[in-house]
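In: how would this look folded up:
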Amino acid sequence: MSRHPEVKWAERADKVYLTVLLPDSKNAKVNLEPEGVFTFSATAGADNKLYELKLDLHDKVKVEESKINVGVRSIFCILEKAEKGWWKKLLRGDGKTPHYIKVDWDKWVDEDEDTGGLGDIDLGGMDFSNFGDMGGMPDVDDFAEESDDDEFEVSKPAIQDGKKAEGDAKPKEEGAGTSEKKEAAAST
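Out: Sure, this is the predicted structure:
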């Protein structure tokens with residue numbers, strides 16, 4: 001039986017910020033479809049328990065312009081909305097929001113305060129890869145054990161029409177990842 005990781009979200013008129021909080025995740029697979037379906041799976045913990053997530057987002061997104069950063073403690077995504085405008089909520093439907101989805105108050109901005117930029121969001125030198133550069137779907141499953149200071153650029157394409165494209169995940173320059181330390185310090 002799989003578990004659900006904690007997800008934090010915030011939005012602007014033109015984008016949605018999603019952070020999947022799953023420290024030391026392995027075999028992370030992230031999928032984003034233009035219709036607004038976001039799926040995630042990975043293993044984590046001492047027992048390598050499976051964590052899965054499927055979100056039917058409120059509206060459509062632009063896969064090619066959306067970005068992802070896979071870090072040691074979390075997976076951070078910037079999803080570009082297909083149509084500019086504020087969503088009533090993150091997920092479509094009239095049901096109650098699942099308990100594992102929470103508002104990311106560190107990134108939240110009210111509609112009337114939105115200036116169109118990133119505002120005060122500290123991305124900590126994160127390097128983002130586009131979902132679209134990989135045929136629409138990153139498949140991040142070959143990470144070796146890494147230190148808390150390493151961040152990785154997702155560059156392995158997804159499977160398309162049953163064929164796996166060439167590619168690999170390569171480490172970014174050392175010392176560039178500082179967001180994990182800030183995140184850890186904020187939670188203690």
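
In: bridge partners for the spatially closest residue to Ala28 that is not a sequence neighbour, pull those for me.
Out: Once its chain neighbours are removed from consideration, Ala28 has its nearest residue in Ala42; the separation is 4.1 Å (CB to CB, 6 or more residues apart in numbering). Where C-beta positions appear, they are placed from N, C-alpha and C, glycine not excepted. Partner residues in beta bridges with Ala42: Tyr51, with DSSP bridges as the criterion.

In: same question, Glu6
Out: Going by DSSP bridges, Glu6 forms beta bridges with Leu21.

In: what about it, neighbour count?
Out: One way to gauge burial is a neighbour count; for Glu6, by other CB atoms under 10 Å, it gives 15.

In: pretty sure it contacts Val103?
Out: No: the pair Glu6 / Val103 is not scored as a contact, 11.9 Å apart, by CB atoms under 8 Å.

In: what helices and strands are in contact with the strand ranked longest in the chain?
Out: In the chain, ranked by residue count with DSSP state E as the criterion, the top strand is strand 61-70. Packed against strand 61-70, as judged by 3 or more CB pairs under 8 Å, 6 or more residues apart in numbering; DSSP states H and E, are the following elements: strand 26-32, strand 74-81, strand 129-130.

In: swap the cut-off to 6 Å and go again
Out: strand 26-32, strand 74-81 (3 or more CB pairs under 6 Å, 6 or more residues apart in numbering; DSSP states H and E).

In: picking that back up, any idea how far the residue nearest to Ala28 is from Trp86?
Out: Between Ala42 and Trp86 the distance, using CB to CB, to the nearest Å, works out to 30 Å.

In: the two - which one has more neighbours?
Out: When Ala42 and Trp86 are compared for neighbours, Ala42 comes out ahead with 25 against 13, by other CB under 10 Å.

In: confirm Asp112 sits in a helix?
Out: Yes: checked against DSSP: H, G, I helix; E, B strand; the rest coil, Asp112 lies within a helix.

In: surely Ser2 touches Leu50?
Out: Yes: under the criterion of CB atoms under 6 Å, Ser2 lies in contact with Leu50, with a separation of 4.4 Å.

In: if we can go back for a sec, got the helices and strands packed on strand 61-70 as TSV, with distance to Leu90 columns?
Out: Below are those laid out as TSV (distance: least, CB to CB, whole Å):
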stretch	distance to Leu90
strand 26-32	14
strand 74-81	10
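
In: show me where the protein has its helices.
Out: The residue ranges that make up the helices of the chain, judged by DSSP state H, are 179-187.

In: okay, now the unreliable bits of it?
Out: When the per-residue scores of the chain are filtered using pLDDT under 70, the ranges that remain are 116-188.

In: that older thread, give me whichever of the helices and strands packed on strand 61-70 is most buried.
Out: Of all the helices and strands packed on strand 61-70, strand 74-81 carries the top mean neighbour count, a mean of 22, counting by mean count of other CB atoms under 10 Å.
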